[in-house]
Every structure is written in structure tokens, then in C-alpha cells.
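[1] take this sequence and fold it.
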Amino acid sequence: MRRVALFPLAALVLTACQDGTEPVPLGAPHAPTLGVVNDQDCVPPPPGLVNWWPGDGSAVDLIEGGSGTLFNGATFSTGLVGGAFSFDGVDDYADASGTQLADLQQLSIDAWVKIFSLPPRVERFVSLVDEKAVIRYDGQRGPGQLHFYLRLDGVLRHLRVNNVLKIGVFQHVAGTFDGSVIRTYMDGVKVGELAVDGRLDSGTGTIALSSSAEPLDGLLDEVEVYSRALLASEIRAIFDAGAAGKCKPVSTIEVQIDIKPGSDPNCFNNDGHGVIPVAILGSADFDVLDVDPATVQLEGLAVQARGKSNELQAHIEDVNHDGLDDLVVQIEDVDGSFTSGSGTATLTGNLFDGTKIEGSDEICVVP
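    Sure, this is the predicted structure:
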């Protein structure tokens, strides 16, 4: 959910089986507990995460930074953890690439799945292309069947578990391979395993979500690939986190700032009196309303707060007359914080979602 703040113009107040024929029932999955969660309830991703597509309104991979492509009407919807990939069961799908996918000899694939129907057909969830690894629903071979299979030395090895997939609820599915054993998990519980021999085929380095030939009628959220077989405890922790999900990487956005807007050069006295105005400039790709002014600092100096209610001195203004909002903050001047002469000052801060921002501008400090 996006957090929105309203800024007054003058001051700001912020408060199994080998041949694929016999299912192997090895446990009963648990239902997730859903509800209101805090940001701190997220769990760190386990080691070995090589690709992560959260589906939060884009097909961007949070690990490698590349973006996948949506085909035939695939789109996004509300997921369990933020947004999710949405497929209509006709022919839509998404694909993306990963630099390590082709060479994996151990792996884990996991995702949250919400399937809208359980017809007598096959619906793919996630595939490493060329059948390197596939996790899907197979309604042709069994009721509510979770099917995970790998291509080892050119031969498909199957693990099937019946009566675990349900309609209309998010369920966490995972398949792992440690080089000798294939395992499947449903809602944090191991439900099948199969000992095998052989090496994983290389594949193409491409991943597909859903499939035009075996399209999913449902949602996929938090799709991940790991370069190792996750432990049962690690998979359970992902499931137990529920809607809080895994803690996403903290990125830093480079922003444009203007110290003493309208001045050139940007000279000021550093004598501990008054404030230093700094504008954080908005752009077509950056909305200053997302900035949390309480976190903004210029070389460690904070935004000035005044009055009994400690109102932060910040307001919205189009300082460069480009038709876009800019956020102007009044930085508390502290004597001796800057060295006399010309130099550069750096502003730091956070967006309301925790993303870091940073920007620099030239200054001249006069005695």
C-alpha cells in the first residue's frame, strides 16, 4: 500500500514417483494466517536467492534488475504480498531471463499461488524453460495435484502429490533439488520427496510464469529461484511470514537537489543562526510527496522543527518552474558544521516505503 502525506504550503506537521503415476502423500499442509502485519514482520530472504519477481505492478527482478515481458493480456492484481501477476487461463503468460538459471545444478522454486479453478487440465505455475524444472497443477492425473518435475540427463523425473491445491486461496508452493533428492512443499510443509540420479540439464536461462499452452487461471506472487535447495525451516519461515513477505532490498534513488533555490553560487554563512533552504526537485519519474521529511538531512543536519508541536519546516513549491512539485526543507544551521570555502554538500533521506534517497549540490561557505 502506498502511504500518502499531505503537505501544507507553509509548514508541515507529520505525525512421488519416478514414472509420474503414483502420488506420494507425505503430510497435510496448513492454512496461512492472514491479517494486518507490520513492516518489521517480514523475513530476510534465505541465502542463494538468484532471481525474485514480486509482481508488484511490474515484471522487474529485484535481484538482477532486469524486467520480464507480459504476453497475451497478462497483467497485475492484488496479491498476498503487495501485487501479483494475474493470468486469465486462456493463453497469457510472462517470461524473463536470469543469468544463473541455465547452469543451476541445485535449485529451489517457490511462489504464492491463488488458483481460480481446478479443471481436468494442466495449468503451469513456474517453468525453467526447456523443462529444466517445472512446478504446476495437473488436473489430468489427479485431483488438486501439485506436480513438480525436473529434466535430469535428458529424462524427466516427476513428483506428484494429490489433494493439496485449493480454489480461491493463496497457497505457498515450493520445489527443491539438492542434487540427489527432489522435494515439494505446500504451505510450509514437505508433502513429497523422490531420490534420483543424474545432472540437471542446462535449459535456456529463461523462466516462464504460466504458459500459453498450459495457461494458469489465477495469480502468482513472490516468484523466486534459488541456487540451492532451501531447508524445510527456511521454506516454513517464508510461509509463516504470510502477507508480510520477505524483506525487500533497500535501494537508493539519486535525486536532484538545489541548495538555496534560485541562488548561484549557493553561498551561506555557517554561524549557527537561521536555516539553510534545500529543494528536493520532483520529476516525471519522482514524486516528492513520497519523501518523508522527518528523515531528511543535509550533511547530518536535520530539518528544523518549530513550536510546541515540533512542526517540521517543509513545504511544497515549484522552485524551478517546470510544472512539477518540489519539496523545500529548512535545514537547521549548526555552527561549525561546514568548512569555509567551496565544496559539495550531500542530502540523504528516505521515502515513506523505506527506499533511500541521496543528492548533492555545490556550496560555498563564507566566514
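[2] what's the nearest residue to residue 41 if we skip its chain neighbours?
    Using C-beta to C-beta, 6 or more residues apart in numbering and skipping residues adjacent in sequence, the residue nearest residue 41 is residue 244, 3.8 Å away. Heads up, the C-betas are built off the backbone N, CA and C, glycines and all.
[3] distance of the most centrally placed residue in the chain relative to residue 222?
    Central residue of the chain (C-alpha atoms, centre = their mean): residue 54, 4.5 Å from the mean position. Residue 54 is 6 Å from residue 222, where distance means C-beta to C-beta, to the nearest Å.
[4] now do the shared contacts for those two.
    Residues touching both residue 54 and residue 222 (C-beta atoms under 8 Å, 6 or more residues apart in numbering) are 81, 245.
[5] from residue 233, how far out is the nearest residue to residue 188 once chain neighbours are set aside?
    Among residues not flanking residue 188 along the chain, residue 239 sits closest, at 3.2 Å (C-beta to C-beta, 6+ apart). Residue 239 sits 11 Å away from residue 233, going by C-beta to C-beta.
[6] of those two, who's got more company?
    residue 239 (23 against 9; other C-beta atoms under 10 Å).
[7] so the more buried one sits in a helix?
    Yes. Under DSSP: H, G, I helix; E, B strand; the rest coil, residue 239 falls within a helix.
[8] that one reaches residue 170, doesn't it?
    No. Using C-beta atoms under 8 Å, residue 239 is not in contact with residue 170, being 10.4 Å away.
[9] state the distance from residue 212 to residue 151.
    From residue 212 to residue 151 the distance is 20 Å (C-beta to C-beta).
[10] of these two, who's got more company?
    Just comparing residue 212 and residue 151: by other C-beta under 10 Å the higher neighbour count belongs to residue 151, 20 against 13.
[11] my read: the more buried one touches residue 132, true?
    Yes. At 5.7 Å, residue 151 counts as touching residue 132 under the criterion of C-beta under 8 Å.
[12] now do the shared contacts for those two.
    Joint contacts of residue 151 and residue 132 (C-beta under 8 Å, 6+ apart) are 200, 201, 203.
[13] now, which of those residues sits nearest residue 139?
    residue 203 (25.5 Å; C-beta to C-beta).
[14] confirm the closest one sits in a helix?
    No. Counting by three-state DSSP, residue 203 is not part of a helix but coil.
[15] residue ranges for the helices of the protein, please.
    232-241 (DSSP state H).
[16] buried stuff in stretch 113-124?
    113, 114, 115, 116, 118, 122, 123, 124 (16 or more other C-beta atoms under 10 Å).
[17] next one: stretch 226-240
    226, 227, 228, 229, 230, 234, 235, 236, 237, 238, 239, 240.
[18] so the first one touches residue 101, yeah?
    It stands for residue 226. No. Using C-beta under 8 Å, residue 226 is not in contact with residue 101; the gap is 11.1 Å.
[19] what touches both of those two?
    Joint contacts of residue 226 and residue 101 (C-beta under 8 Å, 6+ apart) are residue 50.
[20] count of neighbours near the residue nearest to residue 41?
    Residue 244 - counted by other C-beta under 10 Å - has 18 other residues nearby.
[21] residue 269 now?
    Other residues close to residue 269 by other C-beta under 10 Å number 15.
[22] adjacent strands (with direction) for the worst-scoring helix or strand of the chain on mean pLDDT?
    In the chain, no helix or strand scores lower on mean pLDDT, DSSP states H and E than strand 267-269, which sits at a mean of 85. The pairing partners recorded for strand 267-269 under DSSP bridges are strand 356-366 (parallel).
[23] what about stretch 322-333, how long is it end to end?
    Using C-alpha to C-alpha, to the nearest Å, one end of stretch 322-333 lies 29 Å from the other.
[24] residue 223 contacts residue 83, correct?
    No. Residue 223 is not in contact with residue 83 according to C-beta under 8 Å; the separation is 12.0 Å.
[25] flag the shaky bits of the stretch 251-367 of the chain, pLDDT-wise.
    In the predicted model of the stretch 251-367 of the chain, residues 272 satisfy pLDDT under 70.
[26] could I get the full set of strands for it?
    252-254, 257-259, 267-269, 275-280, 291-298, 301-302, 305-306, 311-312, 314-317, 326-332, 341-351, 356-366 (DSSP state E, counting those that start in this stretch).
[27] what comes up buried for the first one?
    The one in question is strand 252-254. Here strand 252-254 shows residue 253 as buried, counting by 16+ other C-beta under 10 Å.
[28] ok, residues contacting that strand?
    286, 351, 355, 356, 357, 358, 359.
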